[in-house]
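Colleague: Give the three-dimensional model of this entry:
(chains A, B and C)
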Amino acid sequence: MTAKLEARGVAMTFPGPPEVRALEPIDLDVREGELVCLLGPSGCGKSTFLQIVAGFIRPTSGTVAIDGKPVDGPDRKRIFVFQERGVFPWLTVADNIGFGLADLARDVRAKRVAEYVELVGLRGFEHAYPHELSGGMKQRVEVARALAVDPDMLFLDEPFGALDSMTRLSMRSELLRIWQAAKKTIMFVTHDVDESVQLADRVVVMSARPGRIRSIVDIDIPRPRDLSSPRYLELRDGLLAEIGLAHAI
Amino acid sequence: MRGWRISAVAIVIAIVAWDLAIHLSGNTLLPGPLAVARALGELAVSGRLARYAIASLFRVTWGFALAVVVGIPLGLVLGWFARGGRTIGPILQFVRPISPLAWIPLSILWFGVGDAAAVFLIFIATVLPLTLTAMHAARGVHHVHVEAARNFGLSSAAIVRRVLLPSALPELIGGIRIALGIAWLVVVAAEMIAVNSGLGFLIVDARNAGDRYDLVVAGMVAIGVIGLVLDNALRALANSPVVSGRRA
Amino acid sequence: MRFERWLLPLAFTIVLVALWQLAVGTGKTGVLPGPWQVALGMRELWERGVLVGYAIDSLRRVAVGYAIAVAIGIPLGLWMGLSTSVFAAANPLVQILRPISPIAWIPIAIVLFGIGDGAPIFLIALAGVFPIASSVAAQVRSVPPMFLAAARNFGLGEAAIIRRVLFPAVLPQMLSMLRLALGVCWIVVVAAEMIAVDSGLGYLIIDSRNAGKRYDLVVAGMVLVGAIGLVLDLSFRLLERVRSVRWGFRSNS
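Modeller: Sure, this is the predicted structure:
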């Protein structure tokens, strides 16, 4: 069975001066319906790689194919979710979520928007503007906006980075709930080890300068994941050791 | 095509289009680019260009320096003490739209025709924008920074010197740049009316004394170039690490 | 205290006007008119029927010139902002022409348009178009690339991206800039009218002096110019408070 996404020999060098070799050639397959995390420290190229597979950047070499077809630009079927700054500040929550649905009939669009407002738990805030919302709410708007166009794949670049840790935990279970309900293929960039073990089917550990894949770890804990189970701790410690971080401070 | 090459081509095209427009319209009064270039040469060789440019710059310097010395401290004070700003602010907003050129009759009345009138006009035109900018910059100083300074036991004078001024500096330079642009605009206008030397005077005189529109446009070109140079110099200053590195 | 907002400026104005009257009363400044004379001068203008007439003349010229400046400046600025090659082509010309005071264009304007509305309108349009184009270009170039990337992600075509993302994103700043440009145009009309026409507030100011040293009318004209300019500015600010644009403004006065 061909993978949903196949990256072969993807490398990126940013022209200078000074020239920056951001990514060594990377090979990666992502299966349909998988949730894959790219984990690594700042500057390891994980965001760059994500933007390449999403079609926003052309790699210096290598190819990316999705559903067997080469990627050559961004596409509605593969939506990229930025941190909550990606929400359009001049549109209400409802208009943001409906942004990609402009070619639908008005009542169809309204119905779809209402569904997704409900899905991300923002009922009552349809007519609020982003500057009136908290960070977590803005992030949910962006996720809803991405989902509303029913893409096959979602790319999330440290989406919860700007949120406080308690909101982050609830947003993660939200994301999992939505993922399981909607069965999308998701690629998720993070620098938070716990986050990767909590969310991913597989964690792709990357190292920096130049960016390359260090190892790929299968997270074989069934969901819902118990955050204090021995297997969880074992996997997490393993990843911490992999990255080279001490675990006593 | 590389950026500067496009710019160069565009300028050449513009000049050619200008030349064509003059020839095709059969206009005998307005000069083409060649005539203007010759006129510029004439002005440069006779030393008038330098003399007039210096005269204009001299007035700008004096008027502008006065405005900076008066306006910026005043604005900083008004911005720092909120109540002062609320009181005086609306008055300043009211006076601002009054064209500095509307002050011309009064300035001639008070100073007669000559340098003082021009300097006064430049002062009037720039002191208000500078004050308003300084007010805004002072108000924008982050209260977190002020509180931290107080926490470290700094005296009021030290807070002004080490927090207010560095914080306000980038915006002040931006305001100075805009005000200098205004000063340059005003000096030209003031010279057309109230003095008898300088680039503005050149424009009026060239026309009055014999319809020398080639000199008129040459004067305009000189004005444009000098104004551009001034603006770029200030922009370089604003972007220099010394100034912008202090951005709060 | 809420009423501080208008009470303090009002009190300050009253004090200033009183000082002004005092200064004139003691005769120190000679020919300078006092506030009372200026008020009388305004009434005279009203009775002569020129107060409203001249104001309307000036406003009319500003309206037309400003409309032209906006109609040319915004599309030009958008084009310059979106295309690096257009920017490279147009920017040097804009930057060279911009510092040339519209006033310096007066002789050319008179040659092209003669005496009448044409010359001031030309000057006003000139005064407005360069700052507007230059500013819009800068604003377009500083739209966060993230917004444009997201728009492309959703499959929007170039025209739709401009209409639905670029334009709303720059709107708050553009409104501020348009307000300032209007202020500049107002200043220029007064200056243009001092030299190239025979009606309007600028003409009133210069003519009152030339035709008989009526400094009371001169200052009355100045007060009018200031008042109308303030009204224009405040009206524009009202626009900026519309809710769907307010996200772009820092919350200070």
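Colleague: Show me where chain A dips below the pLDDT cut-off.
Modeller: Along chain A, segments meeting pLDDT under 70 span A:1-2, A:84, A:246-249.
Colleague: In it, what residue spans correspond to helices?
Modeller: A:46-54, A:93-97, A:106-119, A:135-148, A:165-182, A:193-199, A:230-243 (DSSP state H).
Colleague: okay if I get these as TSV plus distance to chain C?
Modeller: C-beta coordinates here come from the backbone N, C-alpha and C atoms, glycine included. Converted to TSV, the helices of chain A look like this (distance: least, C-beta to the nearest C-beta, whole Å):
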stretch	distance to chain C
helix A:46-54	8
helix A:93-97	10
helix A:106-119	13
helix A:135-148	8
helix A:165-182	17
helix A:193-199	22
helix A:230-243	28
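Colleague: count of neighbours near residue B:76?
Modeller: With neighbours defined by other C-beta atoms under 10 Å in any protein chain shown, the count for residue B:76 comes to 23.
Colleague: Quick check: it touching residue B:168?
Modeller: Yes - contact criterion C-beta atoms under 8 Å: residue B:76 and residue B:168 qualify, at 6.7 Å.
Colleague: between those two, what contacts are shared?
Modeller: Residues touching both residue B:76 and residue B:168 (C-beta atoms under 8 Å, 6 or more residues apart in numbering or on different chains) are B:134, B:137-138.
Colleague: Skipping its backbone neighbours, what lies nearest residue A:212 in space?
Modeller: residue A:24 (4.2 Å; C-beta to C-beta, 6 or more residues apart in numbering or on different chains).
Colleague: Repeat that for residue C:230.
Modeller: Using C-beta to C-beta, 6+ apart, the nearest residue to residue C:230 is residue B:94, at 5.1 Å.
Colleague: what do you get for residue B:102?
Modeller: Per C-beta to C-beta, 6+ apart, closest to residue B:102 is residue C:222, 4.9 Å.
Colleague: Quick check: pLDDT value at that neighbour.
Modeller: For residue C:222, the pLDDT comes out at 83.
Colleague: So it is in contact with residue B:101, correct?
Modeller: No - judged on C-beta under 8 Å, residue C:222 makes no contact with residue B:101 at a distance of 10.4 Å.
Colleague: which residues do those two both contact?
Modeller: By C-beta under 8 Å, 6+ apart, no residue touches both residue C:222 and residue B:101.
Colleague: which one of these two has more residues nearby?
Modeller: Set residue C:222 next to residue B:101 and count neighbours by other C-beta under 10 Å: residue B:101 wins out with 30 against 22.
Colleague: Is the spatially most central residue of chain A bridged to anything, and to what?
Modeller: In chain A, the centroid-proximal residue (C-alpha atoms, centre = their mean) is residue A:156; its distance is 1.9 Å. Note on residue A:156: beta-bridge partners by DSSP bridges are residue A:81, residue A:188.
Colleague: Let me see the contact set for it.
Modeller: A:80-81, A:175, A:186-189 are the contacts of residue A:156 under C-beta under 8 Å, 6+ apart.
Colleague: Taking those, tell me the two that lie furthest apart.
Modeller: Among the contacts of residue A:156, the pair separated by the greatest distance (C-beta to C-beta) is A:80 and A:175, at 15.0 Å.
Colleague: Skipping its backbone neighbours, what lies nearest residue 223 in space?
Modeller: As the question left the chain open, I've gone with chain A. Nearest to residue A:223 is residue A:176, by C-beta to C-beta, 6+ apart, at 6.8 Å.
Colleague: Let me rephrase: I mean chain C.
Modeller: Per C-beta to C-beta, 6+ apart, closest to residue C:223 is residue C:38, 6.4 Å.
Colleague: if I pick residue C:216, what's in contact with it?
Modeller: Contacts of residue C:216 by C-beta under 8 Å, 6+ apart are C:33, C:37-38, C:40-41.
Colleague: Buried residues of the helix or strand containing it, list them for me.
Modeller: Counting by DSSP states H and E, the element that carries residue C:216 is helix C:215-239. Of all the residues in helix C:215-239, those buried under the rule 16 or more other C-beta atoms under 10 Å in any protein chain shown are C:215-226, C:228-230, C:232-233, C:236.
Colleague: ok now that helix, how far from the chain's centre?
Modeller: Distance of helix C:215-239 from its chain centroid, counting by C-alpha atoms, centre = their mean, to the nearest Å, is 11 Å.
Colleague: One more: stretch A:45-62?
Modeller: With C-alpha atoms, centre = their mean, you get 14 Å for stretch A:45-62.
Colleague: same question, stretch A:24-40
Modeller: 11 Å.
Colleague: ranges for the helices of the stretch 1-150 of chain C?
Modeller: Secondary structure of the stretch 1-150 of chain C (DSSP state H, counting those that start in this stretch): helices at C:4-25, C:35-48, C:50-82, C:84-97, C:106-113, C:118-141, C:145-153.
Colleague: Please apply the same query to chain B.
Modeller: In chain B, the segments counted as helices under DSSP H are B:3-25, B:33-46, B:48-80, B:82-95, B:104-111, B:115-139, B:143-151, B:156-159, B:165-194, B:199-208, B:213-239, B:241-244.
Colleague: Format those helices as JSON lines; extra columns: distance to residue C:197 and mean pLDDT.
Modeller: Formatted as JSON lines, those follow (distance: least, C-beta to C-beta, whole Å; pLDDT from 0 to 100):
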{"stretch": "helix B:3-25", "distance to residue C:197": "24", "mean pLDDT": "82"}
{"stretch": "helix B:33-46", "distance to residue C:197": "27", "mean pLDDT": "85"}
{"stretch": "helix B:48-80", "distance to residue C:197": "26", "mean pLDDT": "89"}
{"stretch": "helix B:82-95", "distance to residue C:197": "25", "mean pLDDT": "72"}
{"stretch": "helix B:104-111", "distance to residue C:197": "16", "mean pLDDT": "78"}
{"stretch": "helix B:115-139", "distance to residue C:197": "21", "mean pLDDT": "87"}
{"stretch": "helix B:143-151", "distance to residue C:197": "51", "mean pLDDT": "79"}
{"stretch": "helix B:156-159", "distance to residue C:197": "53", "mean pLDDT": "81"}
{"stretch": "helix B:165-194", "distance to residue C:197": "15", "mean pLDDT": "83"}
{"stretch": "helix B:199-208", "distance to residue C:197": "17", "mean pLDDT": "82"}
{"stretch": "helix B:213-239", "distance to residue C:197": "20", "mean pLDDT": "84"}
{"stretch": "helix B:241-244", "distance to residue C:197": "44", "mean pLDDT": "63"}
